[in-house]
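Enquirer: With the input below, show me the fold.
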Amino acid sequence: MSWLLFLTQNDIIGIYSTNGDELVKYFYDAWGNFTTQIIDNGSELEYTKNELISRLNPFRYRSYCYDEETNLYYLNSRYYDPEVCRFINADDISTLDVTQIANNGLNLFAYCLNNPVNETDENGDIPNWLKWLLFGIGAVLVVAAVAVVTVASGGAALGVFGTIALGAAKGALIGATAGTVIGAVIGGATNDWSLDGIIDGALMGFGLGAIAGAVIGASISGAQIYKAANMWGSTTSRTSFQNMVYHFEKHVLREKHMYLGRNVIEYTKNAINFYNANSQFMKLTSSGNYIIRTLFNGKQVGGVFDLLGKIYSFFS
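Expert: The predicted structure is shown next:
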């Protein structure tokens with residue numbers, strides 16, 4: 001006979017036959033200690049069979065794998081003893097936090113920071129919200145690093161990598177801020193507005209928001225760079241993207257003409273605006289393209305284009 005597990009809130013609370021007959025029930029406390037109720041349908045044989053099924057099922061509290069012989073749960077990296085509410089061996093020493101002694105910061109055997117009602121731990125290490133918090137801090141550190149580099153260089157122009165990194169940094173800041181607020185609201189609403197629920201939700205939202213924001217910010221910058229590259233013409237030696245990067249690096253980064261555009265996106269937009277404003281002044285060159293030389297933002301600049309406005313160079 002086949003049987004099915006019934007799962008609710010991460011706990012396996014019952015086993016049913018494919019016909020819908022209840023065979024076994026599990027009852028847990030917050031730490032994972034449980035009692036088993038074998039459903040007796042009036043037959044000693046049925047009772048024995050259901051009891052066997054209950055022992056064959058390894059998935060119990062929070063879907064952890066339960067060892068009948070040792071009465072321990074296996075959490076992928078180490079074993080947890082629900083009777084003493086502790087792991088049987090220590091976590092990695094890198095998780096120590098001497099600033100949080102009152103919150104089990106020095107206890108490498110603690111399960112879910114002694115808060116199993118609000119925390120989960122699928123892997124036997126630090127809680128999920130703390131992982132997301134650390135990831136989020138890492139994403140925000142990128143923001144700080146990019147800001148330091150930008151300030152140290154006097155706001156110098158950014159190439160393709162710098163543009164994407166800056167987009168990721170801005171996204172991380174926005175995502176972390178929004179995620180913290182949304183996470184706090186969700187955490188509070190799902191935990192009867194307890195302080196722990198609000199804080200846990202805010203920390204998880206901070207991490208998730210920072211990571212998601214960084215990815216989205218980088219993706220948006222990448223899409224804008226791709227769109228900008230399509231405005232450039234290609235040559236026999238360079239693709240449109242390579243042509244854009246080559247001229248930006250030459251005329252902006254090396255020659256220090258920052259007013260042409262502080263990144264490849266702005267550089268391309270300025271070139272397009274320059275063409276649209278001065279296309280009536282184009283002169284045919286020996287290469288078959290057209291050159292424009294006139295003032296741009298008070299500076300004498302020039303550009304090479306084709307008749308459709310594809311950019312081949314933008315210089316000063």
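
Enquirer: Please report the distance of residue 17 from residue 188.
Expert: Distance check for residue 17 against residue 188: by C-beta to C-beta, to the nearest Å, it reads 40 Å. For every residue, glycine as well, the C-beta is placed using N, CA and C.

Enquirer: try residue 230
Expert: When C-beta to C-beta is applied, the distance between residue 230 and residue 188 equals 46 Å.

Enquirer: Please say which of those two ends up with more neighbours.
Expert: For residue 230 against residue 188, the residue with the higher neighbour count under other C-beta atoms under 10 Å is residue 188, and the figures read 19 against 11.

Enquirer: Spatially nearest residue to that one, not counting backbone neighbours?
Expert: residue 198 (4.1 Å; C-beta to C-beta, 6 or more residues apart in numbering).

Enquirer: So what does residue 299 have for phi and psi?
Expert: Backbone torsions for residue 299, taken as degrees, to the nearest 10, come to phi -120, psi 150.

Enquirer: Pull the contacting residues for it.
Expert: Applying C-beta atoms under 8 Å, 6 or more residues apart in numbering, one finds that residue 299 lies in contact with 257, 259, 316.

Enquirer: Ok, residue 314 next?
Expert: 247, 251, 260, 267, 270, 271, 274, 301, 302, 303, 304.

Enquirer: For the helix or strand containing it, list the C-alpha coordinates in PDB.
Expert: Secondary structure assigned from DSSP states H and E places residue 314 in strand 311-315. Extracted as PDB, the C-alpha positions of strand 311-315 are listed here (Å, rounded to 0.1, in the frame of the first residue of the first chain):
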ATOM      1  CA  ILE A 311      27.900  57.100 -34.100                       C
ATOM      2  CA  TYR A 312      31.500  56.300 -35.200                       C
ATOM      3  CA  SER A 313      33.300  58.800 -32.900                       C
ATOM      4  CA  PHE A 314      32.600  61.700 -30.500                       C
ATOM      5  CA  PHE A 315      35.600  63.700 -29.500                       C
END
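
Enquirer: picking that back up, would you mind listing which of the contacts of residue 299 are buried?
Expert: Buried residues within the contacts of residue 299, defined by neighbour count using 16 or more other C-beta atoms under 10 Å: residue 257.

Enquirer: In a markdown table: the contacts of residue 299, plus distance to residue 28.
Expert: Written out in a markdown table, the entries for the contacts of residue 299 read as follows (distance: C-beta to C-beta, whole Å):
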| residue | distance to residue 28 |
| --- | --- |
| 257 | 69 |
| 259 | 68 |
| 316 | 72 |
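
Enquirer: want to throw the contacts of residue 299 into JSON lines with distance to residue 168 and pLDDT?
Expert: As requested, these are arranged in JSON lines below (distance: C-beta to C-beta, whole Å; pLDDT from 0 to 100):
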{"residue": "257", "distance to residue 168": "27", "pLDDT": "93"}
{"residue": "259", "distance to residue 168": "26", "pLDDT": "92"}
{"residue": "316", "distance to residue 168": "30", "pLDDT": "92"}
